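Participant: Generate coordinates for the sequence data below:
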Amino acid sequence: MDTKDDEILFVGTADAEHIEMYLKAIWHIKERGGDVKISTIAKMLSVRQPSVVQMLKKLNGKNLVNYNKAGVKLTEEGQSVGATMMRNSRVLEVLMESQLKVEIDEEMICGIEHHMNIQFTDALCTMLKHPRKCPHDHDIPMGECCKST
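Facilitator: Reported below is the predicted structural model:
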């Protein structure tokens, strides 16, 4: 059997994707100037509030958020992950609309964004000429590739 012709199948970890979605949601709420509250996160992610509390405790333990009675704040590492996820999704939106000329499919973007590494995102960003705004007119966080142009 010739192994170079075999396809490799990959099963990502749902746990890592959940963590990234929570960080992306918190980043998004802060970007829009909103208060990061359990109810706001729950509504954005279509989950129940007790699930949000459980995940915030987990994220706090992983030093991705500071979660206490005062509220929820991203740590530096949490901010970085959230910005990366927003950059991935917004660069994909630009790709779909401007280059592929297809309707933006948020569910598909959500499925892809978790599996993008920095080299892929930077290459895509460079190919798209370092867009600063997504089709929804939100800022796209800059990557290292944008700083060299």
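
Participant: Give me the next element, helix or strand, following the helix or strand that contains Thr40.
Facilitator: If you go by DSSP states H and E, Thr40 is part of helix 38-45. Elements were assigned by DSSP H and E; along the chain past helix 38-45, the next helix or strand is helix 49-61.

Participant: Pull out the CA atoms of that following helix and give them to me as CSV.
Facilitator: Provided in CSV are the C-alpha atoms of helix 49-61 (Å, rounded to 0.1, in the frame of the first residue of the first chain):
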residue,chain,number,x,y,z
GLN,A,49,-25.7,30.5,32.2
PRO,A,50,-24.6,27.7,34.5
SER,A,51,-22.5,26.3,31.5
VAL,A,52,-20.9,29.8,31.2
VAL,A,53,-20.0,29.9,34.9
GLN,A,54,-18.5,26.4,34.7
MET,A,55,-16.4,27.4,31.6
LEU,A,56,-15.3,30.7,33.2
LYS,A,57,-14.0,28.8,36.2
LYS,A,58,-12.1,26.5,33.9
LEU,A,59,-10.7,29.4,31.9
ASN,A,60,-9.7,31.2,35.1
GLY,A,61,-7.8,28.0,36.2
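
Participant: Give the buried residues for that helix.
Facilitator: Of the residues in helix 49-61, Val52, Met55, Leu56, Lys58, Leu59, Asn60 count as buried by neighbour count, 16 or more other C-beta atoms under 10 Å. The C-beta positions use only the backbone N, C-alpha and C, and glycine is treated the same way.

Participant: those helices in this protein, which residues are they?
Facilitator: 14-31, 38-45, 49-61, 76-94, 106-113, 118-127, 144-147 (DSSP state H).

Participant: Could you say which of those is packed most deeply?
Facilitator: Each of those was scored by mean neighbour count; the highest is helix 76-94, a mean of 21, by mean count of other C-beta atoms under 10 Å.

Participant: That helix vs helix 106-113, what angle?
Facilitator: 130 degrees (axes from the mean of the first three to the mean of the last three C-alpha atoms, to 10 degrees).

Participant: Run through who's touching helix 76-94.
Facilitator: By C-beta atoms under 8 Å, 6 or more residues apart in numbering, the list of residues contacting helix 76-94 from outside reads 19-21, 23-24, 26-28, 31, 59, 63-65, 74, 104, 109-110, 112-114, 116, 118, 121, 124-125, 128, 131, 134-136, 138, 140-143.
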